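A.B. asks: 3D, please:
(one chain, ligands or ions: 2)
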Amino acid sequence: MRLLMIEALEAIADRFHPRERITGIRSLGSGNVNETFLVTHGGRRDGGAFVLQRLNRSVFARPDLVMRNLVALGEHVQRRLESPPPELDGRRWEVPQVVPSRQEAQPWVEHDGDVWRSITYIGAATTSDVIRDRTQAREVGYGLGMFHSLISDLPADALADTLEDFHVTPSYLRRFDAVLDRIDASQLSPSLSDALTFVHQRRDGVSVLEDAVARGELQHRPIHGDPKINNVMMDEATGQAVGLIDLDTVKPGLIHYDIGDCLRSCCNPVGEEAKDLDSVCFDLALAESILEGYLSVAGSFLSAHDCAYLPDCIRLIPLELGLRFLTDHLEGDRYFRTDYPGHNLHRAEVQFRLTLSIEQQMGAIQSLVERLTRGV
Ligand code: GN1
Ligand code: MG
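C.D. replies: Ligands and ions are numbered 1, 2, ... in the order given. Reported below is the predicted structural model:
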């Protein structure tokens with residue numbers, strides 16, 4: 001990190017923890033939207049670490065509401081954990097908590113027009129970008145199930161809608177169409193044309209979940225919004241899931257968005273940044289383990305309709321993410337951070353390969369879901 005940046009970061013960190021006790025600041029995680037750092041601080045008795053994060057203001061227009069949701073979630077789960085659900089079975093479970101600023105006791109501070117906040121760090125736990133094996137997959141599923149279970153009694157209207165239309169696939173398609181209208185179709189590269197064709201061939205299916213909401217078959221509940229593999233913390237010693245991090249997108253939505261997002265990120269063993277498109281596939285055995293882990297906790301609050309739409313969300317969310325990456329590529333990479341020109345197009349292609357692999361296994365996915373949810 002550049003010296004100037006370290007100095008600025010130290011000044012911001014000082015608003016949350018006395019600068020003289022800070023021992024280090026380093027980048028944390030691989031988020032595409034916010035910027036995240038780990039701040040360590042010394043002291044024999046009070047040594048520890050916290051997460052310092054700059055919220056992306058062009059994505060989160062109302063940081064106050066994002067922070068209000070985070071506080072509401074933290075308080076609710078702490079209350080629930082006072083009499084832990086039986087499925088927790090003596091395990092450790094943690095929720096990142098907001099650390100208020102020292103002087104103003106505010107949940108965030110402003111610095112040069114940016115919004116910064118500080119959150120507790122879950123210690124002795126790690127995340128990974130790709131899944132290792134079925135045991136880990138089961139733990140990821142368990143983690144998402146526990147997260148959903150602990151907030152299942154938090155009324156959806158207790159949370160603000162901080163990202164309107166997040167995971168509402170037809171809205172992403174409308175935006176894509178609007179962007180395409182402004183583009184000269186004769187100038188497109190073969191890979192871009194293929195990607196556009198991929199989307200056009202799948203236009204009809206994109207409203208499957210929203211149609212189910214309109215018919216009253218699915219209901220909005222509190223969700224995580226971004227439960228990808230590297231947002232599930234695993235205990236370093238036991239390998240057990242101990243909590244979900246990255247809580248900016250906690251808001252009312254469909255649990256199907258979360259389940260689809262979790263499976264799309266975990267069941268592609270080469271990960272969403274895979275270089276070789278031919279290596280991308282949907283691993284059904286990993287999906288089985290994730291769903292088993294999920295249902296072992298969350299099965300009890302799923303309705304027959306919830307179960308019936310699981311195969312649809314497994315197919316839809318990777319298609320949606322591909323569409324989001326592709327639209328951002330066409331718009332000049334304004335939303336997702338990129339490392340090279342064409343990065344978002346390549347990310348879109350990875351998600352489309354994954355979608356294709358899911359489509360090719362749709363019969364098996366449906367049978368799997370039916371088998372696992374029988375009796376739920
Ligand atoms: C973004 O910033 P990050 O990596 O936590 C995005 C998710 C995508 C993800 C794909 C608010 O999350 O929806 O699934 O990239 N978050 C937002 O890697 O749009
Ligand atoms: Mg995120």
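A.B. asks: count of residues packed around the closest residue to residue 344 other than its chain neighbours?
C.D. replies: The shortest distance from residue 344 to any residue other than its chain neighbours is 3.9 Å, reached at residue 329 (CB to CB, 6 or more residues apart in numbering). C-beta here means a position set from N, CA and C on the backbone, and glycine is covered the same way. By the other CB atoms under 10 Å criterion, the neighbourhood of residue 329 contains 22 residues.
A.B. asks: Wait, a helix at residue 10?
C.D. replies: Yes: membership of residue 10 in a helix is supported by DSSP: H, G, I helix; E, B strand; the rest coil.
A.B. asks: mind listing what the nearest residue to it once chain neighbours are set aside touches?
C.D. replies: Once its chain neighbours are removed from consideration, residue 10 has its nearest residue in residue 19; the separation is 5.7 Å (CB to CB, 6+ apart). With contacts taken as CB atoms under 8 Å, 6 or more residues apart in numbering, residue 19 has the following neighbours: 10, 11, 13.
A.B. asks: what's the closest of these to ligand 2?
C.D. replies: Ranking the contacts of residue 19 by separation from ligand 2, with CB to the ion as the measure, puts residue 13 on top at 21.4 Å.
A.B. asks: Okay, the closest one and ligand 1: tell me how far apart.
C.D. replies: Taking CB to the nearest ligand atom, to the nearest Å as the measure, residue 13 and ligand 1 are separated by 21 Å.
A.B. asks: got the residues of the stretch 201-350 of the chain near ligand 1?
C.D. replies: Along the stretch 201-350 of the chain, the residues adjacent to ligand 1 under the rule CB under 6 Å from any ligand atom are 226, 228, 246, 249, 272, 321.
A.B. asks: now with 8 Å?
C.D. replies: Residues of the stretch 201-350 of the chain lying close to ligand 1 by CB under 8 Å from any ligand atom are 225-226, 228, 231, 246, 248-249, 261, 265, 272, 321, 324-325, 335-337, 347.
A.B. asks: Quick one: buried ones out of the residues you listed?
C.D. replies: Neighbour counting with 16 or more other CB atoms under 10 Å marks 225-226, 228, 231, 246, 248-249, 261, 265, 272, 321, 324-325, 335-336, 347 as buried within these.
A.B. asks: Just the pLDDT for whichever residue of the stretch 51-200 of the chain sits closest to ligand 1.
C.D. replies: Of all residues in the stretch 51-200 of the chain, residue 59 sits closest to ligand 1, at 5.5 Å by CB to the nearest ligand atom. According to the prediction, residue 59 has pLDDT 95.
A.B. asks: so how many other residues sit close to the closest residue in space to it that isn't next to it in sequence?
C.D. replies: Distances taken as CB to CB, 6+ apart put residue 33 closest to residue 59, at 5.4 Å, once the chain neighbours are dropped. Other residues within reach of residue 33, judged by other CB under 10 Å, total 17.
A.B. asks: From ligand 2, how far out is residue 33?
C.D. replies: Note on residue 33: its distance to ligand 2, by CB to the ion, to the nearest Å, is 6 Å.
A.B. asks: again, but for residue 184
C.D. replies: In this view, residue 184 and ligand 2 are 34 Å apart by CB to the ion.
A.B. asks: Just give the number of residues close to that residue.
C.D. replies: Residue neighbour count, defined by other CB under 10 Å, stands at 6 for residue 184.
A.B. asks: Then the one 10 residues further on?
C.D. replies: Residue crowding around residue 194 was assessed by other CB under 10 Å; the count is 12.
A.B. asks: so residue 116 sits in a helix?
C.D. replies: No: counting by three-state DSSP, residue 116 is located in no helix; its state is strand.
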